[in-house]
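Novice: Build me a model from this:
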Amino acid sequence: AHVIDKGIPTAGLLAQVLVAKYQDHQPLYRQENIFGRAGLAIPRSTLAQWVGTCGARLQPLVDALKAQVLGHRVLHGDETPVAMLKPGSGKTHRAYLWAYAPGAFEATRAVVYDFCESRAGEHARAFLGDWRGSLICDDYSGYKASFSQGVTEAGCLAHARRKFFELHAAHKSQIAEWALQQFARVYEIERDVQALPAPQRLEIRQHCSRPVLDALHEWMVLQRQQVAGNSATAKALDYSLKRWTALTRFVDDPQLPPDNNWIENQIRPIALGRSNWLFAGSLRAGQRAAAVMSLIQSARMNGHDSYAYLKDVLTRLPTHKASQIGELLPHRWQPAN
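Specialist: As a prediction, the model looks like this:
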């Protein structure tokens, strides 16, 4: 039994094509040339069919991974633009790849990518479904409807800090400099508590981080009263003041990290890859690519060699029992003997 029934490629060749495309960022036309130099005439149309078939066959595994991710109380969410070819027009428009991962302090190391036609908040609501937990995200408005339906908003302190960093870089602002010093104090505490058990992390945050943040908030309120309403300083202050509850929610919940950097690190490979493969050929192609990328990146997060993981999964998948699909998830996978 093979992933591509009665097909030519072995599981190892399919895994090589997938890893080269989605981890090493080699578009299929480059792979066609690479295989050609080795004396293998594999047209890119054939490679594309293989990739599409693998994406479809791996989808049940990604669905199981999504269920595992949504089983956690704390999630990260982020999104990044990806060009998608418009059917029949030869032109591209901006689609989005959404990314979701269990919180940085959760036991499961995984990420699920969701390819959608737009950045509309309905896509986030469709993915989350009836999930109700704490979602760490930036201030993008597309998440707001979920917060009105029972999802708890946890803000990104790194985004708040970034506003003051940009202000200081542009204007050498003393206000921005002092704010950055306070953010640095909070992050210094976070480095100390990162590896501690949750109860100790909570205790230290309460005793050390809260006084710093309370003093920072009081200072921001006073500064805001003294600066012009349309100034760059006012905008930096307003970003934090309007979101203060969400930004500081991590102080009272040891499972919450202070920022969304965890998921931004998982979405960075996509940003690197799109400069090479440029666009998705269709919505279905984008969705299948998202499925493969979810498994590759999740395997890497768990310390696995992504080629070895995919080769083994593609070998076992055709005869693997659907009821035991969880054994093939990246965070549970054990190489076959």
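Novice: and the nearest residue to Gly12 once chain neighbours are set aside, what does it touch?
Specialist: Once flanking residues are discounted, Gly12 sits nearest to Lys311: 5.0 Å by C-beta to C-beta, 6 or more residues apart in numbering. Just so you know, the C-beta spots here come from the backbone N, C-alpha and C atoms, and that holds for glycine as well. Counting by C-beta atoms under 8 Å, 6 or more residues apart in numbering, Lys311 makes contact with Ala11, Gly12, Leu14, Ala15.
Novice: at 7 Å what do you get?
Specialist: With C-beta atoms under 7 Å, 6 or more residues apart in numbering as the criterion, the residues that contact Lys311 are Ala11, Gly12, Ala15.
Novice: Settle this for me: the first one is touching Val313, isn't it.
Specialist: Looking back up the chat, that one is Ala11. No: between Ala11 and Val313 there is no contact, the gap being 8.2 Å when judged by C-beta atoms under 7 Å.
Novice: more neighbours, those two?
Specialist: Between Ala11 and Val313, counted using other C-beta atoms under 10 Å, the more crowded position is Val313 (25 against 20).
Novice: Where does the more buried one sit: helix, strand or coil?
Specialist: What DSSP: H, G, I helix; E, B strand; the rest coil gives for Val313 is helix.
Novice: picking that back up, now do the residue nearest to Gly12 against Cys54, distance only.
Specialist: When distances are taken as C-beta to C-beta, to the nearest Å, Lys311 and Cys54 turn out to be 11 Å apart.
Novice: Buried residues of the host helix or strand of Ala308, list them for me.
Specialist: The secondary structure element spanning Ala308 is helix 306-316 (assigned by DSSP states H and E). By 16 or more other C-beta atoms under 10 Å, the buried positions in helix 306-316 come out as Ser306, Tyr307, Tyr309, Leu310, Lys311, Asp312, Val313, Leu314, Thr315, Arg316.
Novice: Closest to Ala169 out of those?
Specialist: Sorting the buried residues of helix 306-316 by how near they are to Ala169, with C-beta to C-beta, puts Ser306 at the top with 37.0 Å.
Novice: Adding distance to Ile270 and pLDDT, write the buried residues of helix 306-316 out as a markdown table.
Specialist: As requested, those are exported to a markdown table (distance: C-beta to C-beta, whole Å; pLDDT from 0 to 100):
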| residue | distance to Ile270 | pLDDT |
| --- | --- | --- |
| Ser306 | 15 | 97 |
| Tyr307 | 19 | 97 |
| Tyr309 | 19 | 98 |
| Leu310 | 18 | 98 |
| Lys311 | 23 | 97 |
| Asp312 | 24 | 96 |
| Val313 | 21 | 96 |
| Leu314 | 22 | 96 |
| Thr315 | 27 | 95 |
| Arg316 | 27 | 93 |
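Novice: ranges for the strands of the stretch 201-337 of the chain?
Specialist: Applying DSSP state E, counting those that start in this stretch to the stretch 201-337 of the chain gives strands spanning 279-280.
Novice: which stretches of it have low pLDDT?
Specialist: Within the stretch 201-337 of the chain, the stretches with pLDDT under 70 are 273-279, 337.
Novice: Helices of that one, start to end?
Specialist: Along the stretch 201-337 of the chain, the segments classed as helices by DSSP state H, counting those that start in this stretch run 210-224, 232-241, 244-247, 261-277, 283-301, 306-316.
Novice: Of those, which stretch is the most buried?
Specialist: By mean neighbour count, with neighbours taken as mean count of other C-beta atoms under 10 Å, helix 283-301 ranks first of these at a mean of 23.
Novice: ok, back up a step: could you check the angle helix 283-301 makes with the helix holding Ala308?
Specialist: 120 degrees (axes from the mean of the first three to the mean of the last three C-alpha atoms, to 10 degrees).
Novice: Now do helix 306-316: distance to the chain's middle.
Specialist: In this view, helix 306-316 has its centroid 23 Å away from the chain centroid, taken as C-alpha atoms, centre = their mean, to the nearest Å.
Novice: could I get it in CSV with only the CA atoms?
Specialist: Taking C-alpha atoms only, helix 306-316 is exported to CSV below (Å, rounded to 0.1, in the frame of the first residue of the first chain):
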residue,chain,number,x,y,z
SER,A,306,11.1,16.5,9.5
TYR,A,307,12.2,14.2,6.6
ALA,A,308,12.4,11.2,8.8
TYR,A,309,9.0,12.0,10.4
LEU,A,310,7.2,12.5,7.1
LYS,A,311,8.8,9.5,5.4
ASP,A,312,7.7,7.3,8.3
VAL,A,313,4.2,8.8,8.4
LEU,A,314,3.7,8.5,4.7
THR,A,315,4.9,4.8,4.8
ARG,A,316,2.5,3.9,7.7
